[in-house]
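Visitor: give the three-dimensional model of this entry:
(2 chains)
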Amino acid sequence: MKALIVGASAGFGKDLCYSLAGKGYSLVITSSDKKDLIPLVADIKFKFGTKISYFVIDAKDPISSISKIIKFFKNQSKPNVILFPIGFVSDLDNLNYHFKNFDNIFNVNLKVIVGICSFMIPFMKKLKSPVIVGFGSIASVRGRDKNIVYSAAKRALESYFESLRFAMQDTNLLVQFYRLGYIESHSSIYKKLVFKPYRSVLLANKVTANLNKDFGISTQPFFWSIISQILKLLPWFLFKKIKQ
Amino acid sequence: MKKNVFSSFDGGSQAVGYVSFPDRYRYWPDLDSKIIRISAGSGLSNAPASFKSNMLSISHAKFNRILSFDEKKCEIEVEAGSTLFDIFGILAQKGYYLKIQPGYSFVSIGGCIAANVHGKNQAEDGCFKEQVVSLKLFHPQHGIIKASPKTNKDVFDLTCGGYGLTGHILSAKLKIKKKNFSAISSSVVQFNSFHDGVNKLRNEARNCDFIYTWFDFAFNSKGFGNGLLYKSHFDKNREGSHFNTTKKSNKKISFTPFNLYNKHTINFLNKSYKLKEIYLHKTHQTFFETLFPLQKTMTYYSLFGPSGFCEYQVIIPHSSIGEFFNELRSYIIKNEIIITLASSKLFSGAPQYLYFQKDGISLALNFPRNSKSYNFLNFLDELTMKYMCIPNIIKDSRLEFKVVKYCYENFESFRNNLKVFDPQRLFRSVMSDRLFL
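Guide: Next up, the predicted model:
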């Protein structure tokens, strides 16, 4: 079984690589920086003896990224599993965010994923146990006063995966989507959060273990599904008072 | 970055500064090149070498990968945030090991290089630098430098044992040894006096793979200086489960609210320890236990209580060992100093920069931090200077500039060469400021 991980070099993406390698998957990994991919590839090869290859994409440029993916897989077997632990957040993402920067957020969090899926799905449907896994954010549950464009992109991504699942219902391709609460990451270390971030290693193991399950959308950690329901149902006069 | 309260392992030095946990290589060139900073490994040294007030400490913890493994050359290349524990487990599976390792496994490779630490038989094996084939260093003004005993030797010599002051050690290629033994055989030999113990250590060090002593320095002990000699060697003829690791435990000490070690308990504790070691010593230890004896001593350290403890390690030239001991014994007995641990190893090597190496016997002492300890440390400093010893900079959170400058004959050349390499002195710590480096 072969897995393509888009956004693999650090954080949750990196943990997914180790988790899948541990389960015997051969890996194709991508990220924007070769310097991060080379040590990761070396380490996984050494520790698991896994077949692993990499290539660099800049997801801020979806056209070039998809071209690279097409080129890479031209003479290669296509992956059975594609995971998109990719994301881009900007601290400046508020109502004053310059429209020129919107593109980067939409490109990384949405367009590149949609593009890769469009290219890969026809091939994947012919493979054994194909799965596509997307990752959203609890931030997209309801509009908020920061990470505005990011939340919009993630909500659009969730909608895309819902549609994808609908479209693939008569095929063998599983479509999974995780709506993630606070997850341990490079940036979570520096933030004061209401809840302790979930360990990304545990989440990666959970995602790997669930690859054969047809659950649609799952909120992780689970208690965030209750919080997200409350946030959705909260009347506006109360919701607007929540300091985000 | 995040505000953080730092503390040295012995609890003797604290500072409020900032910490950053990068996990991507672009972090290094992207960081403002004017920011004063220092690399942080596992934060386990007694000396405050990885932090400073209001300054940035950069953790290498996320850079802990194996970069290459060459069985033919017997070399492994690892990122500097890898710990000895990580590497031990991986190498064990392949039938290899690192020859020179300090007694605690959660120390990072970057930390081992920066402090040029020693293992269980320094006289035979040398210090950690001996097994560093090459390293990659990042300095904002110089970029990435590859240094080895052949390439950029000046940077290599300055970085090994340079306490992180030359830059961020990114990775290192290390020599590894093929495991040509099947078990570890260990024995304990009693001796009745300090001199007897030191002589036994000198005579047997060359015939052992690991050797060190433990002394009973309880001031109220009848046989002050008696003790045990621990000897271990690789055994090719016996089978054993030598690569079993102990469960990974919390690496930080949390000191108890009280100090267990006082004049009423020390003699009893030392006697009990000695009896336990004589009668219950495991002759067939796992390799992990032999390499990392400090792994099981977190409780020992935590029982020093909220004030923590002091450690002093010194290499005493062979010619002065008798006089040094006599003066030390008199002071301990007269002032009722509570010595919780006294241990020796045989050392050798020519003095170089701030490397803790010299021909002689090392003596490590632990004692509670209290009203007497400050005077005792000053006394030890005087004794160290008087007998031309060298103190271990990384084991002491308060060692003064005048002592280091006096004892390390190459102190000035290290300081001068460091300034030539990094005129702006971007890399600093509480320790480097204290030593005017």
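
Visitor: please identify the buried residues of stretch B:409-422?
Guide: B:411, B:414, B:415, B:417, B:418, B:421, B:422 (16 or more other C-beta atoms under 10 Å in any protein chain shown). All C-beta atoms are positioned from the backbone trio N, CA, C, and that covers glycine.

Visitor: and the closest residue to residue B:114 other than its chain neighbours, how far is that from chain A?
Guide: The spatially closest residue to residue B:114, leaving aside those adjacent along the chain, is residue B:164, at 4.5 Å (C-beta to C-beta, 6 or more residues apart in numbering or on different chains). Using C-beta to the nearest C-beta, to the nearest Å, we find residue B:164 at a distance of 21 Å from chain A.

Visitor: show me the contacts for residue B:164.
Guide: Neighbour list for residue B:164: B:38, B:39, B:49, B:50, B:110, B:114, B:427, B:429 [criterion: C-beta atoms under 8 Å, 6 or more residues apart in numbering or on different chains].

Visitor: now do 7 Å
Guide: Residue B:164 makes contact with B:38, B:39, B:49, B:50, B:114, B:427 under the criterion C-beta atoms under 7 Å, 6 or more residues apart in numbering or on different chains.

Visitor: which SSE is the closest residue to residue B:148 other than its chain neighbours in?
Guide: Once flanking residues are discounted, residue B:148 sits nearest to residue B:134: 3.6 Å by C-beta to C-beta, 6+ apart. For residue B:134, the element it lies in under DSSP states H and E is strand B:132-139.

Visitor: same check, this time on residue B:154
Guide: In this assignment (DSSP H and E), residue B:154 forms part of helix B:153-159.

Visitor: which residue is nearest the centroid of chain A?
Guide: The residue lying closest to the centre of chain A (C-alpha atoms, centre = their mean) is residue A:85, at 2.8 Å.

Visitor: pLDDT below threshold where in the chain?
Guide: No chain was given, so I picked chain A. Where chain A drops to pLDDT under 70, the residues are A:187, A:189-190, A:243-244.

Visitor: to clarify, I was referring to chain B.
Guide: Residues of chain B meeting the criterion pLDDT under 70: B:238-253.

Visitor: domain boundaries for it, per the record?
Guide: What automatic domain parsing lists as the domains of chain B is B:66-178, B:183-407.

Visitor: any idea how far the one residue sitting closest to the centre of chain B lies from chain A?
Guide: Most central in chain B under C-alpha atoms, centre = their mean is residue B:117, positioned 5.0 Å from the mean C-alpha point. Per C-beta to the nearest C-beta, residue B:117 is found 24 Å from chain A.

Visitor: dump the buried residues of stretch B:409-422 into TSV; add secondary structure and distance to residue A:118 as well.
Guide: What follows is the buried residues of stretch B:409-422, written out as TSV (DSSP: H, G, I helix; E, B strand; the rest coil; distance: C-beta to C-beta, whole Å):
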residue	secondary structure	distance to residue A:118
B:411	helix	66
B:414	helix	61
B:415	helix	62
B:417	helix	59
B:418	helix	57
B:421	helix	53
B:422	coil	52
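
Visitor: residue B:377: which of the residues you listed is nearest?
Guide: Using C-beta to C-beta, residue B:411 comes nearest to residue B:377 of the buried residues of stretch B:409-422, at 19.5 Å.

Visitor: which residues does that closest one contact?
Guide: Residue B:411 neighbours (C-beta under 7 Å, 6+ apart): B:354, B:404, B:405.

Visitor: try it again at 10 Å.
Guide: Applying C-beta atoms under 10 Å, 6 or more residues apart in numbering or on different chains to residue B:411 gives the contacts B:351, B:353, B:354, B:401, B:404, B:405, B:435, B:436, B:437.

Visitor: correct me, but the fifth one touches residue B:390?
Guide: Yes. Distance between residue B:404 and residue B:390: 8.8 Å, which falls inside the contact criterion (C-beta atoms under 10 Å).

Visitor: ok, these two, which is more surrounded?
Guide: Comparing residue B:404 with residue B:390 by other C-beta atoms under 10 Å in any protein chain shown, the one with more neighbours is residue B:390, at 26 against 23.

Visitor: so that one sits against residue B:356, correct?
Guide: Yes. Look at residue B:390 against residue B:356 with C-beta under 10 Å: they come within range, at 6.6 Å.

Visitor: name the residues contacting each of those two.
Guide: Common neighbours of residue B:390 and residue B:356 (C-beta under 10 Å, 6+ apart) are B:313, B:314, B:315, B:347, B:362, B:408.

Visitor: SS state for the third one?
Guide: The reference is to residue B:315. Taking DSSP: H, G, I helix; E, B strand; the rest coil as the rule, one finds residue B:315 in the strand state.

Visitor: and it, how far from residue B:47?
Guide: Residue B:315 is 16 Å from residue B:47, where distance means C-beta to C-beta, to the nearest Å.

Visitor: and residue B:419, by the same measure?
Guide: Applying C-beta to C-beta to residue B:419 and residue B:47 gives a distance of 21 Å.

Visitor: who wins for neighbours among the contacts of residue B:164?
Guide: residue B:50 leads the contacts of residue B:164 on contacts (other C-beta under 10 Å) with 30 neighbours.

Visitor: OK, contacts around it?
Guide: Contacts for residue B:50 (C-beta under 10 Å, 6+ apart) come out as B:6, B:8, B:17, B:19, B:38-44, B:57-60, B:108, B:110-111, B:114, B:163-164, B:429-431.

Visitor: need the contact list for residue B:388.
Guide: B:315, B:316, B:317, B:319, B:320, B:358, B:360, B:406, B:407, B:409.
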